[in-house]
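J.: One predicted model, sequence on top.
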Amino acid sequence: MLILVFQMRTLIIDNEEQIRVGLIKQLKVFCPVITEIKEASGVKAGLKAIEEYQPDLVFLDVEMDDGTGIELIKQLGHFNFQLIFITAHDKYAVNAFKLSAIDFLLKPIDVEDLIKAVDKARENLKGKTLELQFQILQESLSSITVNEKKIVLKDSESIYFVKVSDIVHCKAEGPYTEFYLIPQQKITISKSLKEYEELLEPYGFIRTHHSHLINIKRIVRFDKADGGTLILENKQIVPVSQRKREQIMELLNNM
């Protein structure tokens with residue numbers, strides 16, 4: 001029986017030689033799906049290498065001597081490879097990657113994170129959403145208003161491109177998070193509410209209860225009885241925990 005082995009041509013674009021060398025060693029040891037690896041040291045060299053090599057997967061540094069990885073992708077205009085950004089820890093940039101659901105690796109690169117990212121790239125290679133995700137990444141890194149910012153949500157069947165301002169609230173259901181949107185729509189994602197709390201907090205979301213994260217702009221009424229509950233625009237009734245009550249009342253008084 002003929003067994004087909006899926007292989008990915010890979011390009012590493014990073015201005016730090018030690019990062020490239022270290023990543024190549026990790027890929028050769030831990031990611032057998034990758035058999036061909038090329039290198040480039042910056043934006044200009046990277047653009048040339050992409051054109052000549054036609055990679056399936058690109059590891060791309062965010063900050064390089066002759067420009068940024070974001071600028072490189074913008075210059076391409078159209079691309080048909082999978083993309084994994086490499087970045088130093090910067091909370092603002094990391095949040096932007098999470099909003100867009102584009103994979104990224106923090107320096108120094110962790111082996112387990114690398115294996116997961118490569119496996120995901122292999123699964124997504126034939127997907128057609130990466131350019132839309134990159135557009136959302138650009139928007140997240142730009143100064144557009146919160147009302148226009150978007151987040152990418154993926155479930156087992158679909159990929160959703162959702163305006164952050166359309167999220168009314170999020171609810172924890174075990175290891176899953178339920179997103180309730182305007183108008184009446186629910187999307188269930190297999191990630192924890194804690195992860196989305198950190199991601200959405202800068203955009204006006206607050207944890208009112210261990211199971212609920214709400215968009216403060218979607219609050220219609222606060223009922224003080226029985227410890228406190230919030231009524232939201234979608235008619236959902238959300239509890240307020242005792243330790244969050246004072247913070248919520250102060251927040252609403254300042255609105």
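T.: Sure thing, it's come through.
J.: nearest residue to residue 101 other than its sequence neighbours?
T.: residue 152 (3.7 Å; CB to CB, 6 or more residues apart in numbering). From N, CA and C alone the C-beta is placed, and that goes for glycine too.
J.: count of neighbours near the one you found?
T.: Each residue near residue 152 was counted by other CB atoms under 10 Å, and the total is 18.
J.: ditto for residue 79
T.: Residue neighbour count, defined by other CB under 10 Å, stands at 15 for residue 79.
J.: hang on, it packs against residue 133?
T.: No. Under the criterion of CB atoms under 8 Å, residue 79 makes no contact with residue 133, lying 11.6 Å away.
J.: circling back: check the gap between the residue nearest to residue 101 and residue 36 for me.
T.: The span separating residue 152 from residue 36 equals 29 Å under the rule CB to CB, to the nearest Å.
J.: same deal with residue 77?
T.: According to CB to CB, residue 77 stands 25 Å off from residue 36.
J.: More neighbours: which of the two?
T.: When neighbours are counted by other CB under 10 Å, residue 77 and residue 36 differ, and residue 36 comes out ahead with 12 against 7.
J.: and residue 243, what element?
T.: Assessed by DSSP states H and E, residue 243 sits inside helix 242-253.
J.: what's the answer for residue 151, then?
T.: Judged by DSSP H and E, residue 151 forms part of strand 150-154.
J.: same for that strand, what does it pack against?
T.: Using 3 or more CB pairs under 8 Å, 6 or more residues apart in numbering; DSSP states H and E, the elements in contact with strand 150-154 are helix 91-100, helix 130-141, strand 159-163, strand 185-189.
J.: The same query, at a cut-off of 10 Å, please.
T.: Helices and strands touching strand 150-154, by 3 or more CB pairs under 10 Å, 6 or more residues apart in numbering; DSSP states H and E, are helix 91-100, helix 130-141, strand 159-163, strand 176-181, strand 185-189, helix 193-200.
J.: So for it, what gets flagged as buried?
T.: Buried residues in strand 150-154, counted by 16 or more other CB atoms under 10 Å: 150, 151, 152, 153, 154.
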